[in-house]
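**Q** what follows is a predicted structure for the sequence shown.
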Amino acid sequence: MSRLLIQSRATGRFLAPNPEDGQPVWVLGLRAAALGIMEDADRVAQLLEDHTEFEDLAQVVDLDRLGTPDY
């Protein structure tokens, strides 16, 4: 199973739930983004569709593949 994060290539921010109300927001830094780590690719796809704009240049980061030769 993968650990996935959504990151904006435009700003470097990560899409993660707001600790106060759970709504997705763009946050700066991996510590704040930790709540946004997901294992469900379908959930990631839905968040991309619902909460990103073209200008965000959103990408999915697989934390388990970072630093590997294939990434």
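**A** It's in. Residues are numbered from 1 along each chain as shown.
**Q** helix, strand or coil for residue 50?
**A** helix (DSSP: H, G, I helix; E, B strand; the rest coil).
**Q** and the spatially closest residue to it that is not a sequence neighbour, how many neighbours does it have?
**A** Once flanking residues are discounted, residue 50 sits nearest to residue 24: 7.8 Å by Cβ to Cβ, 6 or more residues apart in numbering. Where C-beta positions appear, they are placed from N, C-alpha and C, glycine not excepted. By other Cβ atoms under 10 Å, 15 other residues sit near residue 24.
**Q** tell me the contacts of residue 24?
**A** Residue 24 makes contact with 15-18, 36, 47, 50-51 under the criterion Cβ atoms under 8 Å, 6 or more residues apart in numbering.
**Q** show me where pLDDT drops low in this structure?
**A** Applying pLDDT under 70 to the chain flags the ranges 70-71.
**Q** so which residues of it form helices?
**A** All helices of the chain, identified by DSSP state H, fall at 30-33, 41-51.
**Q** returning to that earlier point: if the residue nearest to residue 50 is in a bridge, with which residues?
**A** residue 17 (DSSP bridges).
**Q** and it, how far is that from residue 69?
**A** In this view, residue 24 and residue 69 are 32 Å apart by Cβ to Cβ, to the nearest Å.
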